[in-house]
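Q: starting from these lines, generate the structure:
(one chain, ligands or ions: 2)
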Amino acid sequence: MINETFVASTPTEAYEQAEKKYGDATELTIVSAKQTKDESGEIRAEVVFAVPKTLFMEKSFGKKASPVQHQNNEEEMMLDEVTSMRKELEAMRSELTGEEAVVQEVKGLFLKKGIAPQWLDTVLDPLMGTPIAEDETLLVSYVLEEIDDRISVRDEMVGKPKVIMLVGPTGVGKTTTIAKLAARYAYLLDRPYRVALVNLDSYKVGAVEQLAHYADIMQIEHVSVSDPEDFKTQIAALESYDIVLVDTAGMSPYDTQKFVKTIEFIKSETVRDMEVHLVLAATVKYEDMEDIYKNFSFLNPDAVIVSKFDETKHFGTLLNFMLLYGLPMSYFSVGQEVPDDLLPASKEYLLERFIGDVHEG
Ligand SMILES: Nc1nc2c(ncn2[C@@H]2O[C@H](COP(=O)(O)OP(=O)(O)OP(=O)(O)O)[C@@H](O)[C@H]2O)c(=O)[nH]1
Ligand SMILES: [Mg+2]
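A: Ligands and ions are numbered 1, 2, ... in the order given. Next comes the predicted model:
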């Protein structure tokens, strides 16, 4: 019920107004009636009727315009809208969670295999919201393709005369690789190339003998030099050789003195251009990788020779090195045997092993 007040000069008139509005006043109940004086002193009658709510709405505002109904409609519409928005949000959230779960899973897989999180983020972030991010198999293939795209191989260019210097941490296989390369160029390619060996390792006891031993077996020219001036002279003297392979002393990344000395050799402006190849063991530890790069990058390496390929099944850390520093790979050393265990670098060879490792989980 709604209390409605009718004001007129007499109670009867007030009643008549009510009747006029509601036609039949039988549904109305009189709540109160009183007489008052208005500001000008005239007598006024105020009759309050209790009117059924629906009747009041109908007669006051018309059926359609009923404010309550209107309000109800608005409320209902808003409620509907909120419900559908909530549903949409829930759907979006569950989509997002699904996608995020896939991306996290795949990221975790590659992290476990040694690939750096920063690199993975640069690859995975732009994929959010795309169908690739919803499918684990697709996403793994995508990341592998990205790795394939970003690593590179340096062409061997056998016909081009050159000086190749091998640098790297101690014991990674520089001297053994020099011997394998010498045999490859002298005997195993399309034609025999003229090969000479130069030894710069004046630190390690037996270093001269180690290289001389291989050179003697292969009947290859070899010399040892001790200072940059001598190096310049020897390189000039070996000008008629197609390939001059330069062996250096193994260096811990923290051995500044050896670095300075090697840089002096590299900068000694020899008559021929020189390529510097950094020898890195496939077994390199993730924690050591950054220091190795930081220090050896002073020597401006042109390529990386990966050694000890046969000593591990896990190539993630090595791949990570390639991805982060963008150096091309030139050769893979796959065992101790000279000359057999040397291959020109191949992305397929490396990726096949890495994929095998990834799929093993
Ligand atoms: N399993 C395996 N062993 C290797 C490989 N390459 C070299 N080695 C072995 O690693 C050891 C060290 O090899 P070197 O060639 O003397 O290494 P280096 O880098 O010249 O060492 P330093 O001159 O002392 O710095 C030797 O026992 C080699 O036979 C390889 O690809 N696989
Ligand atoms: Mg050596």
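Q: show me the helices in the stretch 151-300 of the chain, by range?
A: 174-183, 207-218, 228-237, 256-266, 286-296 (DSSP state H, counting those that start in this stretch).
Q: who's the closest spatial neighbour of the residue of the chain found nearest ligand 1, skipping the chain neighbours?
A: Closest approach between the chain and ligand 1, counting by CB to the nearest ligand atom: Gly250, at 1.9 Å. Every residue, glycine included, has its C-beta placed from N, CA and C. Leaving aside its chain neighbours, Gly250 sits nearest to Thr170 (3.1 Å; criterion: CB to CB, 6 or more residues apart in numbering).
Q: that neighbour and Tyr254 touch, don't they?
A: No: using CB atoms under 8 Å as the test, Thr170 is too far from Tyr254 to be in contact (11.4 Å).
Q: higher neighbour count, these two?
A: Taking other CB atoms under 10 Å, Thr170 and Tyr254 do not tie; Thr170 has more neighbours (13 against 9).
Q: return the per-residue confidence for that one.
A: In the predicted model, Thr170 carries a pLDDT score of 94.
Q: ramachandran coordinates for it?
A: As for Thr170, its main-chain torsions (degrees, to the nearest 10) stand at phi -60, psi 140.
Q: can you list the buried residues in stretch 203-210?
A: Neighbour-count burial for stretch 203-210 flags 207-208, 210 (criterion: 16 or more other CB atoms under 10 Å).
Q: mind picking the one among these that's closest to Tyr241?
A: Nearest to Tyr241 among the buried residues of stretch 203-210 is Val208, at 19.3 Å by CB to CB.
Q: for the residue lying closest to the closest one once chain neighbours are set aside, which residues are in contact?
A: Spatial nearest neighbour of Val208, chain neighbours left out: Ser224 (5.1 Å); criterion: CB to CB, 6+ apart. Taking CB atoms under 8 Å, 6 or more residues apart in numbering, we find Ser224 in contact with 198-200, 202, 208, 211.
Q: ok, back up a step: for Val47, see how far away the residue of the chain closest to ligand 1 is.
A: 113 Å (CB to CB, to the nearest Å).
Q: could the contacts of Ser224 go into JSON lines alongside pLDDT and distance to ligand 1?
A: Formatted as JSON lines, the contacts of Ser224 follow (pLDDT from 0 to 100; distance: CB to the nearest ligand atom, whole Å):
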{"residue": "Val198", "pLDDT": "96", "distance to ligand 1": "14"}
{"residue": "Asn199", "pLDDT": "95", "distance to ligand 1": "10"}
{"residue": "Leu200", "pLDDT": "93", "distance to ligand 1": "10"}
{"residue": "Ser202", "pLDDT": "79", "distance to ligand 1": "11"}
{"residue": "Val208", "pLDDT": "88", "distance to ligand 1": "11"}
{"residue": "Leu211", "pLDDT": "92", "distance to ligand 1": "9"}
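Q: what pLDDT is listed against the closest residue to ligand 2 within the stretch 101-250 of the chain?
A: Nearest residue of the stretch 101-250 of the chain to ligand 2: Thr175, at 3.3 Å (CB to the ion). For Thr175, the pLDDT comes out at 96.
Q: what residues are up against it?
A: Thr175 touches 201, 207, 210-211, 214, 247, counting by CB under 8 Å, 6+ apart.
Q: among the residues you listed, which pair sits farthest apart?
A: Asp201 and Tyr214 (13.4 Å).
Q: residues contacting Val223?
A: Counted by CB under 8 Å, 6+ apart, Val223 has contacts 196-199, 234, 238.
Q: these in strands, which ones?
A: If you go by DSSP state E, those have 196-199 in strands.
Q: who wins for most neighbours among those?
A: Going by other CB under 10 Å, Leu197 tops the ones in strands among the contacts of Val223 with 26 neighbours.
Q: skip the chain neighbours and tell me the closest residue to that residue.
A: His222 (4.0 Å).
Q: tally of neighbours for the one you found?
A: For His222, the tally of surrounding residues (other CB under 10 Å) stands at 21.
Q: surely it meets Ala196?
A: Yes: with contacts counted by CB under 8 Å, His222 reaches Ala196, the gap being 6.8 Å.
Q: can you get me a residue count around the residue of the chain closest to ligand 1?
A: Neighbour number of Gly250 under other CB under 10 Å is 21.
Q: next up, the contacts around it.
A: Taking CB under 8 Å, 6+ apart, one finds 168-172, 174, 201, 204 in contact with Gly250.
Q: of these, which is the most crowded?
A: Lys174 (27 neighbours).
Q: any figure for the gap between that residue and Glu287?
A: Going from Lys174 to Glu287 by CB to CB gives 22 Å.
Q: what do you get for Gly168?
A: Note on Gly168: its distance to Glu287, by CB to CB, is 17 Å.
Q: likewise Lys347?
A: 26 Å.
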